[in-house]
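>>> Compute the structure for the input listed below.
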Amino acid sequence: MPARGPRRAYARAVLRIIDARTGEPVEAAPARRGLTRVEAHASGFDASGLRVLLVADLLVRALELGGTPVWALLTGDREQAELRAAAAALGIRPFEDSRDLGAALGEAQVVHVVKQDGAAADGVRIAVAPVDAEAAVTLAAGDDAAALRLALLARRREVPLRLDADALDDARRTVARWRRAVAAWAMRPSRPIPEEVRGRLRGAWEDDLDVPGVLRVLEWVETRPDLADGARFETYAYADRLLGLDLTRDLGSMP
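Down below sits the predicted model:
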């Protein structure tokens, strides 16, 4: 597969994550100019491996939103084709499979995303807790994939996650409700995201990728009575650049 090169964004912000080696917060973006390599270490095709890939994807998205160029890699020696196919179904950005281009592109930081008991030789390490998944839970396309993505986002990455039919049903209902709401809000006059709301969103994901905190902000925005629908739409569209739930999919479907 030909190299695609790093992805770039433009507004620099400070994203801090907890380095699992030291327990201390560090900046995910390099202190000097250059790209960040995000390396996902998935040892096999299971729910825990998918959670590792999803956390790596969230980190890539957050870095891009902060203006940091990113080089994302997938490592491992088992079930790589299955992992890549499942990642695509979950809306995870494509991973490269070679480290060789990083140095040529000015790599300045390495962040490894690993299972909680995993190890990495160099760079910052993000540990991801395991997923206890029912045998009946399988990855499907379409809405089920979005529901699985949301269900895997429902807990902070360092907290073990139980994935069962009830969790998926709840996530499926939430995705459907938010998509309907976004489609309805899109029909109202556009309004800017209030600075308070933007600050809460950025404050959550820049604080050690607190994605459940982002979800709580969206729940607050959904029911806040003094917020214009156009501002709700812009907020959800903006947050979805991190969440990757395709919340604007149903635009134009409202009667």
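
>>> switch to C-alpha atoms for all contacts and neighbour counts from now on
Fine.

>>> Assign a three-state SS to the closest residue to residue 244 other than its chain neighbours, would you?
Nearest residue to residue 244, sequence neighbours excluded (C-alpha to C-alpha, 6 or more residues apart in numbering): residue 91, at 6.4 Å. Assigned with DSSP: H, G, I helix; E, B strand; the rest coil, residue 91 falls in the coil class.

>>> Tell me the first helix or strand C-terminal of the longest strand seen in the chain.
If you go by DSSP state E, the chain has its longest strand at strand 107-115. The helix or strand immediately downstream of strand 107-115 is strand 124-128, counting by DSSP states H and E.

>>> what comes up buried for stretch 175-182?
Neighbour-count burial for stretch 175-182, counted by 16 or more other C-alpha atoms under 10 Å, picks out 175-176, 178-182.

>>> To clarify, my last question referred to stretch 81-101.
83-84, 86-87, 89-93, 95-96.

>>> okay, those in CSV with pLDDT and distance to residue 157 next?
Shown next, in CSV, are the buried residues of stretch 81-101 (pLDDT from 0 to 100; distance: C-alpha to C-alpha, whole Å):
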residue, pLDDT, distance to residue 157
83, 85, 19
84, 87, 20
86, 86, 19
87, 88, 17
89, 86, 20
90, 89, 17
91, 90, 18
92, 92, 16
93, 89, 19
95, 88, 20
96, 83, 23
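
>>> if we take those, which one ends up nearest to residue 163?
The closest of these to residue 163 turns out to be residue 90 (C-alpha to C-alpha; 15.3 Å).

>>> Give the full set of residues in contact with the closest one.
By C-alpha atoms under 8 Å, 6 or more residues apart in numbering, the contact list for residue 90 reads 145-146, 148-149.

>>> Tell me the one among the residues you listed nearest to residue 186.
residue 146 (20.6 Å).

>>> Check the secondary structure at the closest one for me.
Under three-state DSSP, residue 146 falls in the helix class.

>>> The closest residue to it other than its chain neighbours in helix, strand or coil?
Nearest residue to residue 146 in three dimensions, chain neighbours excluded: residue 245, at 5.7 Å (C-alpha to C-alpha, 6+ apart). Recorded secondary structure, residue 245: coil (three-state DSSP).

>>> Can you show me the helices along the stretch 101-250 of the chain?
Applying DSSP state H, counting those that start in this stretch to the stretch 101-250 of the chain gives helices spanning 143-153, 165-185, 195-205, 211-223, 229-243.

>>> most neighbours per residue, which of those?
Highest mean neighbour count of those: helix 143-153, a mean of 23 (counted as mean count of other C-alpha atoms under 10 Å).

>>> what's the angle between that helix and helix 229-243?
80 degrees (axes from the mean of the first three to the mean of the last three C-alpha atoms, to 10 degrees).

>>> what's the angle between helix 143-153 and helix 211-223?
120 degrees.

>>> rewinding a little: got a markdown table for the buried residues of stretch 81-101, with distance to residue 221 too?
A markdown table is the format used below for these (distance: C-alpha to C-alpha, whole Å):
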| residue | distance to residue 221 |
| --- | --- |
| 83 | 34 |
| 84 | 34 |
| 86 | 31 |
| 87 | 29 |
| 89 | 28 |
| 90 | 25 |
| 91 | 24 |
| 92 | 26 |
| 93 | 27 |
| 95 | 33 |
| 96 | 36 |
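
>>> wait, which of those is closest to residue 204?
Checking those against residue 204 with C-alpha to C-alpha, the nearest one is residue 92 at 20.6 Å.

>>> how near is the residue lying closest to that closest one once chain neighbours are set aside to residue 74?
The shortest distance from residue 92 to any non-neighbouring residue, by C-alpha to C-alpha, 6+ apart, is to residue 57 (5.8 Å). Per C-alpha to C-alpha, to the nearest Å, residue 57 is found 11 Å from residue 74.

>>> Give me the below-cutoff pLDDT ranges for the stretch 151-255 of the chain.
For the stretch 151-255 of the chain, the stretches with pLDDT under 70 are 254-255.
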